[in-house]
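Asks: pasted the sequence and its predicted model underneath.
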Amino acid sequence: MAVQEELFQLIKSLNPSEKRYFKTNAKKGGETKSNYVQLFDAMDAQGDEYDEQKLKQKHAKKAFVKYLSAEKKYLREQIMKQMRGFHAESAIDNKVYELLQDESFYCSKGLRKLREKSIQKAKDLTTQHEIFHLLQEVLERELAYVEEFEKNSLTEPVLKLLIELSQLYLRQQTFLELSSKNREVFGSYRSGADTKDPVLKHKLDAIMVEVEMLRPRILGSFRLQRAFFHAYSNYHNFYGNHEESFKYTLLEYNLFKEYAQFMQTEVAKYRICLANLIARAQSAGKSEQFLRSIAELKSIPSATFNEEGEVFQNVYFLEHLHYINTGEFEKAESLIPDIENGLTKYENKINKARLLSFLYNIMIMYFLMHRFKEASSWAERILEDKSEIKQEVTTITRILFPIIHFELGHDDLVEGMTRSAYRYLKSKKRLHDFERLLINYLKQMPFSVDEREFKEKLEAFRLSLNELNTPGFGTEEINLWVNSRVTGKQMHELLKAQS
């Protein structure tokens, strides 16, 4: 990526508060008319794509154009300098570090009361926000302070602080144990491990036994309870226990509501919790919670461009899929303009698997609505991809492609497309029962010959589909098309009747 594109994306990624902070500090320094501020405004004023030629033409008379390369470099340095200051002011950790620095200074000057106040403020902050590693430092400084002014080393205040430190060490140990076990469970899920592997099942079950043994230690602590609930949610999600996974994710969500300060100081983690709740609610069929969580996540302002992209590729994907599955096609279609804009805007953020899934769901939406021309357009975009990612998406698209063109009346194209899909499926080394059935169907299906023969083979194919013990990816869509052809009803009507 070119340097100028990186600078442009940096500027565009700043939220309104960050931009205001940058401009305010430039104003304080008397630099509002400086070249780098003018360049900032000029780049910020451009749309979603950077056009250096237009920028030079529009601002040809301004000094920053003459030394554009140097001004870009300086502007980037100034933005990052201001952002370090902006985020340092708001971070709880930095406030605690400042109080500890104050405590050291007051100690060197012998200012006992001010030193005590700094320690207490730091202790209140670290306790409230459960910043374990800093709380340990604060308690050790408080212990040193108390011992310094106590004649006997084991007085009641000293013993009280030693007990507090001991309890903190136990909380730290518990947090590390829960975090470690949670990573093991989540790692198995993220790596795509086989859920039917008995060795893995034994291992994960043993981990969860150890997690459960830590339950008595988690009460009264946001971080410990969150790590505990998270481990259970990931475990049940891995094994497809959707009700249980949803239950524990909802407990984590309610925990944020109970400890409201963490919703402000750890927004990113709260957003992750909401995103997980959306996914778990959908899997468990909790439509009301799903839609509530979607609305809430959309309402939280994104702090960065990356956060915006993450919300888009998760929330819009799941919301669109939800409306398709529930047969609410008007709502599903109303999201398409936002989805198309997002696919362009966050092109560098969205992973290929998610992109192909977006395209596939939109194709299926139009297919089920009998809008075959639009379905064909989105199918072509999928088939343009030559990667090996999401092979199941490519496979079903290849199968649906001749069906789509059959419905469009393109009889001259259907036979060639059918042969192509047949050869593609036959070339695969491993086929599911559903795919084997499709091979045989495509081999003998007379899409454009005799109507009577067409219906006979279609009915035979439908019966075979219903007898499948292990349906594959795309089975439902093919089944709906077959039933639509046999019954004469629209596919979206059949889907709505099912939901």
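Replies: Yep, that arrived.
Asks: so what's the residue count around the nearest residue to Gln128 once chain neighbours are set aside?
Replies: Closest residue to Gln128 apart from its sequence neighbours, by Cβ to Cβ, 6 or more residues apart in numbering: Gln261 at 6.3 Å. All C-beta atoms are positioned from the backbone trio N, CA, C, and that covers glycine. Residues lying near Gln261 (other Cβ atoms under 10 Å) number 13.
Asks: again, but for Ile163
Replies: Ile163 has 10 nearby residues by other Cβ under 10 Å.
Asks: residue ranges with poor pLDDT in the stretch 201-350 of the chain?
Replies: In the predicted model, the stretch 201-350 of the chain carries pLDDT under 70 at residues 303.
Asks: please repeat the previous calculation with a cut-off of 50.
Replies: Along the stretch 201-350 of the chain, segments meeting pLDDT under 50 are nowhere present.
Asks: do a quick rundown of the helices in it.
Replies: Counting by DSSP state H, counting those that start in this stretch, the stretch 201-350 of the chain has helices at residues 222-238, 242-258, 261-265, 267-283, 287-299, 305-311, 317-325, 329-334, 336-345.
Asks: out of the ones you listed, flag the one nearest Arg20.
Replies: Arg20 lies closest to helix 305-311 among these, at 17.0 Å (Cβ to Cβ).
Asks: what pLDDT does Leu178 get?
Replies: Looking at Leu178, its pLDDT stands at 95.
Asks: now it: closest residue in space that isn't a chain neighbour?
Replies: Among residues not flanking Leu178 along the chain, Ala227 sits closest, at 3.8 Å (Cβ to Cβ, 6+ apart).
Asks: state the distance from the residue nearest to Thr487 when sequence neighbours are not counted to Lys113.
Replies: Counting by Cβ to Cβ, 6+ apart, Thr487 lies nearest to Leu494, which is 7.5 Å off, once chain neighbours are set aside. Distance, Leu494 to Lys113, using Cβ to Cβ, to the nearest Å: 78 Å.
Asks: check Glu164 too.
Replies: 22 Å.
Asks: who has more neighbours, those two?
Replies: Using other Cβ under 10 Å as the criterion, Glu164 and Lys113 rank with Glu164 on top: 16 against 8.
Asks: I'd assumed Glu140 was in contact with the more buried one.
Replies: No: at 10.5 Å, Glu164 does not count as touching Glu140 under the criterion of Cβ atoms under 8 Å.
Asks: circling back: helix, strand, or coil at the residue nearest to Thr487?
Replies: Following DSSP: H, G, I helix; E, B strand; the rest coil, the label given to Leu494 is helix.
Asks: pull the contacting residues for the closest residue to Tyr232 other than its chain neighbours.
Replies: Once flanking residues are discounted, Tyr232 sits nearest to Tyr248: 4.2 Å by Cβ to Cβ, 6+ apart. Neighbouring residues of Tyr248 by Cβ atoms under 8 Å, 6 or more residues apart in numbering: 229-230, 232-233, 236.
Asks: how many neighbours does Ser166 have?
Replies: Using other Cβ under 10 Å as the criterion, Ser166 is surrounded by 9 other residues.
Asks: and it, how far from Arg141?
Replies: Using Cβ to Cβ, we find Ser166 at a distance of 17 Å from Arg141.
Asks: now do the buried residues in stretch 365-380.
Replies: Buried residues in stretch 365-380, counting neighbours by 16 or more other Cβ atoms under 10 Å, are found at 365-369, 372, 374-376, 378-379.
Asks: Lys56 touches Phe64, doesn't it?
Replies: No: using Cβ under 8 Å, Lys56 is not in contact with Phe64; the gap is 10.1 Å.
Asks: so for those two, which sits in the more crowded spot?
Replies: A count of neighbours by other Cβ under 10 Å puts Phe64 above the other of Lys56 and Phe64, at 21 against 14.
Asks: just to revisit the earlier point, who's in contact with the residue nearest to Leu178?
Replies: Counting by Cβ under 8 Å, 6+ apart, Ala227 has contacts 175, 178-179, 182, 218.
Asks: dump those residues to JSON lines, plus neighbour count and distance to Tyr422.
Replies: Shown next, in JSON lines, are those (neighbours: other Cβ atoms under 10 Å; distance: Cβ to Cβ, whole Å):
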{"residue": "Phe175", "neighbour count": "21", "distance to Tyr422": "57"}
{"residue": "Leu178", "neighbour count": "24", "distance to Tyr422": "52"}
{"residue": "Ser179", "neighbour count": "14", "distance to Tyr422": "51"}
{"residue": "Asn182", "neighbour count": "22", "distance to Tyr422": "46"}
{"residue": "Ile218", "neighbour count": "20", "distance to Tyr422": "57"}
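Asks: next, Ile389: secondary structure please.
Replies: What three-state DSSP gives for Ile389 is coil.
Asks: for the longest helix along the chain, which helices and strands make contact with it?
Replies: Assignment by DSSP state H gives helix 156-190 as the longest helix of the chain. Contact here means 3 or more Cβ pairs under 8 Å, 6 or more residues apart in numbering; DSSP states H and E; on that basis helix 156-190 packs against helix 132-148, helix 198-213, helix 222-238.
Asks: I am finished for the moment; much appreciated.
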